[in-house]
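> how does the following fold in three dimensions:
(one chain, ligands or ions: 3)
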Amino acid sequence: MSQSATDNTAYNPHRIFFTGFMGCGKTTWGRKLAAHLGYEFIDLDHALEEKVGMRIAEYFSSFGEDAFRKLESAMLKETDYPEKVIVSTGGGLPCFFDNMDWMNNHGKTLYVKLSPKTLADRLENSKTVRPVLQGKKGDELVDFITGKLAEREGFYMQAQYIIEGISLSVEALEAALYK
Ligand SMILES: Nc1ncnc2c1ncn2[C@@H]1O[C@H](COP(=O)(O)OP(=O)(O)OP(=O)(O)O)[C@@H](O)[C@H]1O
Ligand SMILES: O=C(O)C1=C[C@@H](O)[C@@H](O)[C@H](O)C1
Ligand SMILES: [Mg+2]
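Residues are numbered from 1 along each chain as shown. Ligands and ions are numbered 1, 2, ... in the order given. This next block holds a predicted model:
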């Protein structure tokens with residue numbers, strides 16, 4: 001097969017993976033940037049939920065985290081991406097298997113970076129059930145995020161682009177990704 005921009009096995013600079021901890025804004029800002037650029041938008045968490053016909057929290061409790069991690073890696077690598085697309089990834093996805101290398105070899109990668117305290121504030125107010133957090137609140141939630149982020153940041157920092165998530169705008173994202 002010849003290599004083209006639409007070839008899923010080739011590097012494509014118009015395929016942009018948003019990565020970062022739960023609640024950093026990948027879905028919110030991925031969708032906004034896609035609308036601004038006229039790109040398609042895919043949220044891999046949502047795509048997985050559609051494929052299995054259940055919410056992620058339900059999948060975790062029915063089949064366990066290992067099964068979830070295998071499935072999200074397969075979704076990442078087997079999704080038929082449109083030519084120009086922003087892909088919002090699950091918060092844990094870059095930290096399992098060779099997923100981060102795969103993203104770096106198949107498109108641009110962006111890490112949306114936020115402090116544990118800001119993440120905790122957002123996650124505490126979010127209605128989405130995130131099974132990894134197991135209903136933690138307050139200081140317990142901040143401590144948990146601090147530890148988990150320390151484990152994960154080595155993976156997120158392998159992204160080609162890193163942006164502070166505190167005062168994001170589509171203009172700032174566009175400037176960072178197309179400078
Ligand atoms: N710049 C911002 N200022 C304030 N709140 C924000 C901002 N960006 C996103 N949020 C809020 O933070 C919460 C988490 O955002 P979002 O769902 O986009 O994160 P995510 O990175 O996709 O998380 P997950 O990995 O769990 O899917 C949402 O309630 C969203 O409205
Ligand atoms: O950080 C994580 O491990 C997760 C983040 C979410 O996006 C979902 O992919 C799931 O809830 C797991
Ligand atoms: Mg999301």
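
> point out where the protein drops to low pLDDT.
Applying pLDDT under 70 to the chain picks out residues 1-6.

> closest to the centroid, which residue in it?
For the chain, the residue nearest the mean C-alpha position is T89 (2.4 Å; Cα atoms, centre = their mean).

> next to ligand 2, which bits of the chain? Give me the list.
Residues of the chain lying near ligand 2 by Cβ under 6 Å from any ligand atom: 22, 45, 56, 90-92, 130-132. Placement of C-beta: from N, CA and C, glycine included.

> which of these fall within strands?
Among these, no member falls in strands (DSSP state E).

> in ChimeraX, select just the buried ones from these.
In ChimeraX, this line selects whichever of the residues of the chain next to ligand 2 come out buried by 16 or more other Cβ atoms under 10 Å:
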select :22,45,56,90,91,92,130,132
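
> of the residues of the chain next to ligand 2, closest to ligand 3?
Ranked by distance to ligand 3 (Cβ to the ion), the residues of the chain next to ligand 2 are led by D45 at 5.4 Å.

> spit out the contact partners of that closest one.
D45 makes contact with 27, 56, 88, 90, according to Cβ atoms under 8 Å, 6 or more residues apart in numbering.

> let's see that with 10 Å instead.
Listed by Cβ atoms under 10 Å, 6 or more residues apart in numbering, the contact partners of D45 are 22, 26-27, 55-56, 72, 75, 88-91, 93, 128, 130.

> what does the protein have sitting close to ligand 1?
When proximity is defined by Cβ under 6 Å from any ligand atom, the chain lies next to ligand 1 at 20, 22-28, 45, 88, 90-91, 122, 126, 130, 168.

> quick one: the helices in the chain?
All helices of the chain, identified by DSSP state H, fall at 26-37, 44-52, 56-63, 65-78, 99-106, 116-125, 138-156, 170-177.

> does D143 touch K137 like I think?
No. D143 is not in contact with K137 according to Cβ atoms under 10 Å; the separation is 11.2 Å.

> common neighbours of these two, please.
A120.
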